[in-house]
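Peer 1: fold the following, please.
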Amino acid sequence: MNTQNTQNTQDTALAERTTFLLPDVAAAETGFTKEELAGDIDGLQLGFQRVKIPSGGQVQFELPGEDPDNPYYSRTLEGVIVYSHNANAYWPTGEDYDDNTPPSCQSMDGKLGYGAPGGLCADCPYNRYGSDTKGTGRGKACKNQRIIYLLRSGEAIPIQLSLSPTSITPYTQFVNAAFVARRRGICGSVVQIGLKKKNNGKDDYSVATFKRLYDFTGDELAKIRAYADSFKEQIKLILEQRAENIEAEAGSVEMERPTQVMPENADHFEIGSEIDGGRSELPL
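Peer 2: Sure, this is the predicted structure:
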């Protein structure tokens, strides 16, 4: 089969797909108004459902459910990547990574760190290969991550997936091949994220895999682009606020900062409540 026929077969396969339920359509089907939903969450601290790449070579994602003590598991995640960004986090030697233990230094963009030691990530000795005293000793003491916000069909708010350092290269290769080479924005397609087991000669570990399922076109494409644009601006605002709060805490500076109120965005993206970047669950 020649290259042209192969491409035609791939295009046909991509066209055979189920309907992706966009947020505005999903909201209309529930029959509840924005006012009713906003009243339900008034005064609550909102956050994203957070998912991580599992350890030990496991090939299933653990996702939070309605009961915190009973998560559910899935071999793949499907949805639209509406935004992603780099992030770094450093815990001192001897401290293990723990969701309940804040890092001593963190960066919301992988460029500038806040805390101890803080400063430019590119100049930080903990962000150099060979600085990790655990494991093989070839890695970095600072944990580099890529935070992905994945909007699934029928849901209003994306889940937050943290890519581990070993999954960043596969993600970069996927983006280059599936989107950059086609001059297409990442939010314009539905993707599938899976897992595969690898071994470094000592331990098994899990690495994310990526596959483009199909592209949006026409009105669907316009709506998902509007949602992604609005979401991106609000996440940037939250991250900026978070960085300022961490910087103030690290310097023992008293800072009075009013709670940010997110703007109305029609049917594109609206959290519908106040988000306090210093207390709410945020990226990292």
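
Peer 1: and the helix or strand S162 falls within, what's buried?
Peer 2: Assigned by DSSP states H and E, S162 falls within strand 159-163. The neighbour-count criterion (16 or more other CB atoms under 10 Å) identifies I159, Q160, L161, S162, L163 as the buried residues of strand 159-163. Every C-beta, even on glycine, is put in place using the N, C-alpha and C of the backbone.

Peer 1: what of stretch 201-212?
Peer 2: Y205, S206, V207, A208, T209, F210, R212.

Peer 1: okay if I get these as CSV plus distance to C124, secondary structure and pLDDT?
Peer 2: Supplementary listing: the buried residues of stretch 201-212 in CSV, determined by distance: CB to CB, whole Å; DSSP: H, G, I helix; E, B strand; the rest coil; pLDDT from 0 to 100:
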residue, distance to C124, secondary structure, pLDDT
Y205, 24, strand, 92
S206, 27, strand, 94
V207, 25, strand, 95
A208, 25, strand, 96
T209, 30, strand, 97
F210, 29, strand, 98
R212, 35, strand, 97
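
Peer 1: the next helix or strand after the strand holding S162 - what's its average pLDDT?
Peer 2: Where DSSP H and E defines the elements, the next helix or strand beyond strand 159-163 is helix 165-175. For helix 165-175, the mean per-residue pLDDT is 95.

Peer 1: what does stretch 192-202 give?
Peer 2: Looking at stretch 192-202 alone, the average pLDDT works out to 91.

Peer 1: stretch 75-89 now?
Peer 2: Model confidence over stretch 75-89 averages 95 on the pLDDT scale.

Peer 1: what about the helices in this protein?
Peer 2: 3-15, 23-30, 34-40, 165-175, 218-250 (DSSP state H).

Peer 1: biggest strand in the protein, by residue count?
Peer 2: Ordering each strand of the chain by length in residues (DSSP state E) puts strand 77-90 first.

Peer 1: what angle do helix 165-175 and that one make with each other?
Peer 2: With axes from the mean of the first three to the mean of the last three CA atoms, to 10 degrees defining the directions, strand 77-90 sits at 130 degrees from helix 165-175.

Peer 1: what helices or strands is strand 77-90 leaning on?
Peer 2: Using 3 or more CB pairs under 8 Å, 6 or more residues apart in numbering; DSSP states H and E as the contact criterion, the neighbours of strand 77-90 among helices and strands are strand 105-107, strand 112-115, strand 142-151, strand 159-163, strand 189-199, helix 218-250.

Peer 1: so which of those gets nearest R183?
Peer 2: When the helices and strands packed on strand 77-90 are compared for distance to R183 using CB to CB, the nearest one is strand 189-199, at 12.8 Å.

Peer 1: contacting residues for C142?
Peer 2: Taking CB atoms under 8 Å, 6 or more residues apart in numbering as the definition of contact, the neighbours of C142 are N88, A89, Y90, C105, C121, C124, Y126, N127, S131.

Peer 1: picking up where we left off before, least reliable of the helices of the chain going by mean pLDDT?
Peer 2: Per-segment mean pLDDT for those reaches its minimum on helix 3-15, at a mean of 48.

Peer 1: how about stretch 232-241 as CSV, C-alpha atoms only?
Peer 2: Included here for stretch 232-241 are C-alpha records, laid out as CSV according to Å, rounded to 0.1, in the frame of the first residue of the first chain:
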residue,chain,number,x,y,z
LYS,A,232,-6.5,29.2,29.2
GLU,A,233,-6.8,32.8,30.3
GLN,A,234,-8.5,31.8,33.6
ILE,A,235,-5.8,29.2,34.3
LYS,A,236,-3.1,31.7,33.7
LEU,A,237,-4.8,34.1,36.1
ILE,A,238,-5.0,31.3,38.8
LEU,A,239,-1.3,30.4,38.3
GLU,A,240,-0.2,34.0,38.6
GLN,A,241,-2.1,34.4,41.8
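
Peer 1: show me which positions of that stretch end up buried.
Peer 2: Neighbour-count burial for stretch 232-241 flags K232, Q234, I235, I238, L239, Q241 (criterion: 16+ other CB under 10 Å).

Peer 1: just the residues you listed now: which is nearest P23?
Peer 2: The shortest approach to P23 among the buried residues of stretch 232-241 belongs to Q234, at 13.8 Å (CB to CB).

Peer 1: between the buried residues of stretch 201-212, which is nearest Y83?
Peer 2: Distances from Y83 to these, taken by CB to CB, are shortest for F210, at 15.9 Å.
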